[in-house]
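Participant: Sequence first, predicted coordinates after that:
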Amino acid sequence: PHPQPEREGMFHRGSGLNLTSGQYTAPIAGYYTFTATLHIVRREQQRKGQPCRGNRLRLLICVQSHCQHNSNLETVSQLESGSDLFTISVTGVLYLQAGQYASVFVDNAAGSPLTVQSGSDFSAILLGV
């Protein structure tokens, strides 16, 4: 039997995705296409006069939590100063051995706290071996 979705609108088929850890574990070795789309809210604006510490946000999908080049997918986004809600996406193909996992990482250099909103998603589909 397939695990039941946690809420209406979720689609979850197969046993590779662990919703508690946020990791997708490859059941067999092969090429997988991964996509992550995060809806992010900036919780507080910078105070006027406060030096800008940066407005860059990186979203990564990494294999075995190793985020070096050649074992990850990465996108970088500049956060606009006048907005509180952002959407950032990354998609691509990674090769995983059976039992290896991939997970999503956010590198926040925006200088203010960020919260990932519901409706964000993470998916993995086996393309071929």
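Facilitator: Arrived safely. Numbering: from 1, shown residues only.
Participant: how about the residue nearest the centre of the chain, what does it touch?
Facilitator: The centroid of the chain falls nearest to V104 when counting by C-alpha atoms, centre = their mean (3.6 Å). V104 sits next to 22, 36, 38, 59-61, 122 when contact means C-beta atoms under 8 Å, 6 or more residues apart in numbering. All C-beta spots, glycine's among them, are computed from the backbone N, C-alpha and C.
Participant: what helix or strand is it on?
Facilitator: strand 101-109 (DSSP states H and E).
Participant: Strand partners (parallel or antiparallel) of the lowest-mean-pLDDT helix or strand in the chain?
Facilitator: Among the helices and strands of the chain, strand 17-18 carries the lowest confidence by mean pLDDT, DSSP states H and E, at a mean of 80. Its sheet considered, strand 17-18 pairs with strand 23-25 (antiparallel) by DSSP bridges.
Participant: packing partners for the helix or strand that the partner strand is followed by?
Facilitator: Downstream of strand 23-25, the first helix or strand assigned by DSSP H and E is strand 30-42. If contacts are counted by 3 or more C-beta pairs under 8 Å, 6 or more residues apart in numbering; DSSP states H and E, strand 30-42 sits against strand 56-63, strand 85-96, strand 101-109, strand 114-116, strand 121-128.
Participant: Just put these in JSON lines and tack on mean pLDDT and distance to P27.
Facilitator: Shown next, in JSON lines, are the helices and strands packed on strand 30-42 (pLDDT from 0 to 100; distance: least, C-beta to C-beta, whole Å):
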{"stretch": "strand 56-63", "mean pLDDT": "92", "distance to P27": "15"}
{"stretch": "strand 85-96", "mean pLDDT": "93", "distance to P27": "10"}
{"stretch": "strand 101-109", "mean pLDDT": "91", "distance to P27": "11"}
{"stretch": "strand 114-116", "mean pLDDT": "88", "distance to P27": "26"}
{"stretch": "strand 121-128", "mean pLDDT": "91", "distance to P27": "8"}
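Participant: Nearest to I28, out of those strands?
Facilitator: strand 121-128 (7.3 Å; C-beta to C-beta).
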